[in-house]
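[1] next one to model:
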Amino acid sequence: MNQEELTEKITDNLNSNDQFDKWDTLTVNDSEYMLHSPAPVGYNTTAEQRYLMQNLLIGWYNESILDIGCGRADLYGFIKDFYNDASFTYHGIDHNPIMTTLAKQKYDVDCLTNPFESAKLPTAAWVIANGVFTPRRCESEDADLRKLFDDIDILYKQATVALTFNLLNPIKNTHFEGFFYVHPGLVLDMLIEKYQNVVLRNNYSKDVYTVTIYKTQ
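    Residues are numbered from 1 along each chain as shown. Alright, predicted model coming up:
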């Protein structure tokens, strides 16, 4: 797939379709809600979820993946749908057994049920943490920031090519209780100082930005 074809496919992927509209309007009373609605995995729309995944995968192609906070393994499903000729090894981990059960039901993939901080994680080319760092996890912002960088270090060690994740942007945005906002300039400065090869993309939403740390070869 050349760059023109990839760009066209990304654009098509972002456009809503009948299937996305159906999933987006599911309610808790619908039998397919937990399997297909974007709401249980933290998104407003299916298109939004898939765009975030696409952004996290910039530069990836047919390499092993460790999906942190995998939920129902929608990243696996997105790759199989988006990259028609993809052949890759997928590892997923989530602390919620309901979600890992749904992953098995939806995609027939076996995901580990465990907090990633205490699990024995496999090594993978790409380690992806989609939405893992957006909720508040500590009692103070300082503690949240320390935990963020501790967790980044844990995940960086499991990657052989890249670690990529997203964060909430505090600049000119409404701050909601229970969510963790961290200034992109601070993140970029601290990560470059420690890891050197860092890319920050604030390219698709005023609320969320993506950080990719590339391993030095």
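[2] got the contact list for the longest strand anywhere in the chain?
    Longest strand of the chain, by residue count under DSSP state E: strand 159-168. Outside strand 159-168, the residues that touch it by C-beta atoms under 8 Å, 6 or more residues apart in numbering are 52, 55-57, 59-60, 63, 66, 68, 123-134, 152, 155-156, 179-182, 184, 187, 207-215. Where you see a C-beta, it was placed from the backbone N, CA and C, and this is true even at glycine.
[3] just those: which are in helices?
    52, 55-56, 152, 155-156, 184, 187 (DSSP state H).
[4] could you tell me the end-to-end distance of stretch 56-72?
    17 Å (C-alpha to C-alpha, to the nearest Å).
[5] average pLDDT for that stretch?
    For stretch 56-72, the mean pLDDT works out to 94.
[6] flag every buried residue along that stretch.
    By neighbour count on 16 or more other C-beta atoms under 10 Å, the buried set for stretch 56-72 is 56-57, 60, 64-72.
[7] mind checking how far the residue most central in space within the chain is from A103?
    By C-alpha atoms, centre = their mean, the chain has its centre lying nearest to N130, at 1.7 Å. Distance of N130 to A103, given as C-beta to C-beta, to the nearest Å: 14 Å.
[8] ditto for G92
    Applying C-beta to C-beta to G92 and A103 gives a distance of 6 Å.
[9] over to R136?
    With C-beta to C-beta as the criterion, R136 and A103 are 25 Å apart.
[10] may I see the buried residues of the longest strand of the chain?
    159, 161-168.
[11] how far is it from where the chain is centred?
    Using C-alpha atoms, centre = their mean, to the nearest Å, the mean C-alpha position of strand 159-168 is found 9 Å from that of the whole chain.
[12] do the same with stretch 135-143
    Worked out by C-alpha atoms, centre = their mean, stretch 135-143 lies 20 Å from the chain centre.
[13] restrict it to CA atoms and write it as PDB.
    The C-alpha trace of stretch 135-143 is given here as PDB (Å, rounded to 0.1, in the frame of the first residue of the first chain):
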ATOM      1  CA  PRO A 135      -8.100   8.700  33.900                       C
ATOM      2  CA  ARG A 136      -6.800  10.000  37.200                       C
ATOM      3  CA  ARG A 137      -5.100   7.100  39.100                       C
ATOM      4  CA  CYS A 138      -3.600   8.800  42.100                       C
ATOM      5  CA  GLU A 139      -4.600  11.300  44.800                       C
ATOM      6  CA  SER A 140      -2.700  14.200  43.500                       C
ATOM      7  CA  GLU A 141      -1.400  15.600  40.100                       C
ATOM      8  CA  ASP A 142       2.200  15.200  41.200                       C
ATOM      9  CA  ALA A 143       1.600  11.500  42.100                       C
END
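[14] wait, N169 touches Y204, no?
    No - between N169 and Y204 there is no contact under C-beta atoms under 8 Å: 11.3 Å.
[15] which of these two has more residues huddled nearby?
    Using other C-beta atoms under 10 Å as the criterion, N169 and Y204 rank with N169 on top: 18 against 15.
[16] excluding its backbone neighbours, what's nearest the more buried one?
    Leaving out its chain neighbours, the residue that sits closest to N169 by C-beta to C-beta, 6 or more residues apart in numbering is Y209, at 5.3 Å.
[17] show me the contacts for the one you found.
    166-167, 169, 184, 200-202.
[18] for K80, state which of those is nearest.
    Distance to K80 across those (C-beta to C-beta) is lowest for N166, with 21.3 Å.
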